[in-house]
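**Q** quick one: sequence plus predicted model below, questions after.
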Amino acid sequence: MKNFFTLTLCFLTLSLTAQETGCTYSIANNYSSTAIVDDGTCVFGGVNVFDYDNDGNIAINDFIAMLSYFGDTDSDSDGVFDSEDDCLDLEACNYSANPSEPCVYFIDALGICGGNCLSDINDDGFCDEFNSCGDLVAHEGYNYSTVLIGEQCWFSENCRYLPSVSPSSEGSETNNYYYVYGYEGTDVEVAKLQSNYETYGVLYNWPAVNSGGICPSGWHVPSDGEWTQLVDFLGGESVAGVAMKSTSGWNEYNGSSGGTNSSGFTGLPGGIYSIGLFHSNGAYGYFWTGSLNGYITGGNGSWWTSWSRRLGWSGSDAFRNFSFNDSGFSARCIQD
């Protein structure tokens, strides 16, 4: 029995001595690559005992190295301990953020991690959605010119958004309809090749102009009140048309529009769609507002109506009126 206990004690002693002890921390001066059990003898630093990584500087990396030796780690090497780090994924564009923040993977058009810029088509370093007034604004593959009039920023050309196109034989006061003046087909790409599309843009019924998509982010179809603000700034309804009308493009009757375009609005006579017909191109420009007028009843029926503005070839006014919602008018956008 005595011999048995002696043999057991020898076996245990050999087992313990087989697990070599020493310093197991890799950046220590006396690190032992063969040590299995750390014995607490690690020595760090060279001239300065606090220079854990021996680079000659005492910095955050030294502090992290010291603390990680006692249990915490910094697996992504971003200067934030894993216990306090909200993002450890090296694939995230903000994994190294300090203070830490949840992982973000989206880099916007300006190269900003987690930014909200969707496009910078002209590569000017400014987000198209938030450009200064006067800059081009990109939307649906087209760059719109803009102009500052008073305190408002406007498109200085008609909207061209065209998700579908219909002939003049179709219309509605409740469903979305889009027209290109004079085009009687349904092919969007062919419609975009028409000279009237290039010059005057698209005619929209009121549901379409208010259904979204026409204006880019940060812009909207102006309300009746915003149109009134524009007209008042330019002298009032009776004279504002002169400053708003383009000096060219008014070709019907071979007459002059009398427009100076001193405002930069560049109002164009895109004509209208009404009751199954296109008419008045070159003579009148009608523009929708985003404001509903209401339901009116007449001798021949009842209709929904909304507020609009009209520029005419022979007048100086910017006429305000309500129009039937199934009419096809031009549209502009104003900055939020």
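**A** Perfect, thanks for sending it.
**Q** now stretch 298-312: average pLDDT?
**A** Average pLDDT, stretch 298-312: 89.
**Q** now what about that stretch, what contacts it?
**A** 173-174, 206, 224, 227, 231, 241, 244-245, 259, 267, 269, 283-289, 291-296, 318-327, 329 (C-beta atoms under 8 Å, 6 or more residues apart in numbering). All C-beta spots, glycine's among them, are computed from the backbone N, C-alpha and C.
**Q** list only those of those residues flagged as buried.
**A** Neighbour-count burial (16 or more other C-beta atoms under 10 Å) applied to the contacts of stretch 298-312 gives 173, 206, 224, 227, 231, 241, 244-245, 259, 267, 269, 283-289, 291, 293, 318-319, 322-327, 329.
**Q** what about stretch 210-229, how long is it end to end?
**A** Distance between the boundary residues of stretch 210-229 (C-alpha to C-alpha, to the nearest Å) amounts to 20 Å.
**Q** with stretch 165-180 instead?
**A** 7 Å.
**Q** tell me which residues in that stretch are buried?
**A** Quick answer for stretch 165-180 (16+ other C-beta under 10 Å): 165-166, 168, 171, 173, 176-180.
**Q** got it, and stretch 263-280?
**A** Under 16+ other C-beta under 10 Å, the buried positions of stretch 263-280 are 263, 265-274, 278, 280.
**Q** which members of those occur in strands, if any?
**A** 272-274, 278 (DSSP state E).
**Q** now for the closest residue to Glu91 other than its chain neighbours: which residues touch it?
**A** Leaving out its chain neighbours, the residue that sits closest to Glu91 by C-beta to C-beta, 6 or more residues apart in numbering is Tyr105, at 7.0 Å. Taking C-beta under 8 Å, 6+ apart, we find Tyr105 in contact with 91-93.
**Q** out of the residues you listed, which comes closest to Leu110?
**A** Cys93 (12.9 Å; C-beta to C-beta).
**Q** hey, C-alpha coordinates of the longest strand seen in the chain in CSV?
**A** In the chain, assigned by DSSP E, the strand with the most residues is strand 284-298. What follows is strand 284-298, C-alpha atoms only, in CSV (Å, rounded to 0.1, in the frame of the first residue of the first chain):
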residue,chain,number,x,y,z
TYR,A,284,-50.2,79.3,-72.9
GLY,A,285,-48.4,77.6,-70.0
TYR,A,286,-50.6,76.2,-67.2
PHE,A,287,-49.0,75.0,-63.9
TRP,A,288,-50.5,72.9,-61.2
THR,A,289,-50.3,73.8,-57.5
GLY,A,290,-50.4,71.1,-54.9
SER,A,291,-53.6,72.6,-53.4
LEU,A,292,-57.0,71.1,-53.9
ASN,A,293,-59.9,73.6,-54.4
GLY,A,294,-62.8,71.3,-53.9
TYR,A,295,-65.8,69.6,-55.5
ILE,A,296,-67.9,71.8,-57.7
THR,A,297,-71.3,71.1,-59.3
GLY,A,298,-72.5,72.6,-62.5
